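1. Next comes the sequence, and after it the predicted model I'd like to discuss.
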Amino acid sequence: MRTLLITHDVFAEHDTGRHHPERPARLVAAVAGARAGAASLLELEAPQVRSELLAAVHDPAYIAAVERFCLAGGGALDPDTVAVPASWEAALRSAGAGHLAVERLRAGEADNAFLAVRPPGHHAERSRAMGFCLFNNIAVVAQELVDGGERVAIVDWDVHHGNGTEVMFEGSPDVFYVSFHQYPFYPGTGSSADEGVGAGAGYTLNLPFPPGTAGDVYRRAMAEVVVPALQRFAPDWILVSAGYDAHADDPLAELRLLPSDYARMAVGLAAVVGPGRTVYFLEGGYDLAAIESSVAATLRGAAGGSVPDESLRSMSPAAAHEVIERVGHAARRADE
Ligand SMILES: [Zn+2]
């Protein structure tokens, strides 16, 4: 099992300031985790995104405004989202990594890809930077694949709801968006009642979990709801918004996942598409040791390798199990 690892040195120059959780050391941890978890790695540099691919998901006026803002010295784009001049190149390469991953996977050079990129992407909307994100990296690739006639599932296991990704594809029956997240929580979206709109109705699946939710519930949701829904959708590609801030040690959130839970989710996804059709995009995750061990576990799970089970599971509150029952009924009803 071979993994493409795509990253770039410029990501370290996206300087968010001394006390910002979304910091360069996160990528050092993610790269170390990929090197530890993958049986074989092919490491590549992230290229800059092609302008027409970026303009397919972001307003050209917004793209130009981000460029001007960064190159003029940067500052705060919103209360959480800061940029410096080098953030412009970092954002272009973060948004360009996915295209290279798809191209190399199609050529049969690896079995999956992990993109160690920053800034992250899933909160970025068509004309708005937010939540540490400038451009929606995963949406750029999903749109390119859909425009080529393929079907795409996006599985977002970052602890925050991917509001930007959901809103970009909520009207599309060709992109199935699934999000596991803490709720209610930043950014406020992600209710289980949001299931897509118009032709996209039924192609958004939100799993909003209360604080304290642990891996027992994530595994159950994957097995009982998500994998069956993905198998019915039959995607050509699975793109994963792989944030690691649902880990028990993460300082920003209150869920309790452990590395083996990420491994189990990766095993579940590997049952849906064949080799060479899964791309993991790093999103959030703010505890360095948790990132490293969880990225390694993800890649071991994706390869079907064994991952030791930690204790501490089977402890989710009853309300978390009720979310699975509620969302599972709705997903099956939508299917009838
Ligand atoms: Zn997050």
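-> Structure's in. What do you need? Numbers count the residues shown, from 1 in each chain.
2. CA atoms for contacts and neighbours, from now on please.
-> OK.
3. Write out the residues of the stretch 101-250 of the chain neighbouring the ion.
-> 158-160 (C-alpha under 5 Å from the ion).
4. Using JSON lines, please lay out these together with neighbour count.
-> Converted to JSON lines, those look like this (neighbours: other C-alpha atoms under 10 Å):
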{"residue": "Asp158", "neighbour count": "24"}
{"residue": "Val159", "neighbour count": "30"}
{"residue": "His160", "neighbour count": "30"}
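5. any chance of the residues you listed in CSV, with pLDDT, secondary structure and distance to Leu42 too?
-> Formatted as CSV, these follow (pLDDT from 0 to 100; DSSP: H, G, I helix; E, B strand; the rest coil; distance: C-alpha to C-alpha, whole Å):
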residue, pLDDT, secondary structure, distance to Leu42
Asp158, 98, coil, 25
Val159, 98, coil, 29
His160, 98, coil, 30
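6. Is Asp249 within a helix or a strand, and which one?
-> When elements are assigned from DSSP states H and E, Asp249 belongs to no helix and no strand.
7. quick one: buried residues of the host helix or strand of Val323?
-> Secondary structure assignment for Val323, by DSSP H and E: helix 318-335. For helix 318-335, a neighbour-count test (16 or more other C-alpha atoms under 10 Å) marks 320-321, 323-324, 327-328, 330-331 as buried.
8. Then stretch 31-42?
-> 31-38, 41.
9. Just the CA atoms of stretch 148-155, as PDB, please.
-> The C-alpha coordinates for stretch 148-155 follow below in PDB (Å, rounded to 0.1, in the frame of the first residue of the first chain):
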ATOM      1  CA  GLY A 148     -15.500  15.800 -15.500                       C
ATOM      2  CA  GLY A 149     -18.700  13.800 -15.000                       C
ATOM      3  CA  GLU A 150     -17.700  11.900 -11.800                       C
ATOM      4  CA  ARG A 151     -19.500  11.500  -8.500                       C
ATOM      5  CA  VAL A 152     -17.800  12.600  -5.300                       C
ATOM      6  CA  ALA A 153     -18.400  11.800  -1.700                       C
ATOM      7  CA  ILE A 154     -16.900  14.300   0.800                       C
ATOM      8  CA  VAL A 155     -16.600  12.900   4.300                       C
END
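10. ok, Ala290 touching Ala246?
-> No - Ala290 is beyond contact range of Ala246, at 9.8 Å (criterion: C-alpha atoms under 8 Å).
11. By residue count, tell me the biggest helix in the chain.
-> helix 85-106 (DSSP state H).
12. For that helix, name the packing helices and strands.
-> strand 2-7, helix 60-71, strand 112-115, helix 137-147, strand 278-282 (3 or more C-alpha pairs under 8 Å, 6 or more residues apart in numbering; DSSP states H and E).
13. right, so of the ones you listed, which gets closest to Glu166?
-> Glu166 sits nearest to helix 137-147 of all these, at 9.4 Å, using C-alpha to C-alpha.
14. still on that earlier bit, could you dump the longest helix of the chain to PDB, C-alpha only?
-> Only the C-alpha atoms of helix 85-106 are listed here, as PDB (Å, rounded to 0.1, in the frame of the first residue of the first chain):
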ATOM      1  CA  PRO A  85       2.200  38.100   2.500                       C
ATOM      2  CA  ALA A  86       3.400  34.500   2.200                       C
ATOM      3  CA  SER A  87      -0.200  33.300   3.000                       C
ATOM      4  CA  TRP A  88      -1.100  34.100  -0.700                       C
ATOM      5  CA  GLU A  89       1.300  31.500  -2.100                       C
ATOM      6  CA  ALA A  90       0.500  29.100   0.800                       C
ATOM      7  CA  ALA A  91      -3.200  29.400   0.000                       C
ATOM      8  CA  LEU A  92      -2.700  28.800  -3.700                       C
ATOM      9  CA  ARG A  93      -0.600  25.600  -3.000                       C
ATOM     10  CA  SER A  94      -3.000  24.400  -0.400                       C
ATOM     11  CA  ALA A  95      -5.800  24.700  -3.000                       C
ATOM     12  CA  GLY A  96      -3.600  23.100  -5.700                       C
ATOM     13  CA  ALA A  97      -2.500  19.900  -3.900                       C
ATOM     14  CA  GLY A  98      -5.700  18.000  -4.500                       C
ATOM     15  CA  HIS A  99      -5.500  18.300  -8.300                       C
ATOM     16  CA  LEU A 100      -2.000  16.800  -8.300                       C
ATOM     17  CA  ALA A 101      -3.200  14.000  -6.000                       C
ATOM     18  CA  VAL A 102      -6.000  13.100  -8.300                       C
ATOM     19  CA  GLU A 103      -3.700  13.200 -11.400                       C
ATOM     20  CA  ARG A 104      -1.100  10.900  -9.700                       C
ATOM     21  CA  LEU A 105      -3.700   8.500  -8.300                       C
ATOM     22  CA  ARG A 106      -5.300   8.200 -11.800                       C
END
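15. Could you tell me the angle between that helix and helix 137-147?
-> 40 degrees (axes from the mean of the first three to the mean of the last three C-alpha atoms, to 10 degrees).
16. Going by neighbour count, which residues in helix 85-106 are buried?
-> 85-102, 104-105.
17. what is the mean pLDDT for that helix?
-> On average, the pLDDT along helix 85-106 is 98.
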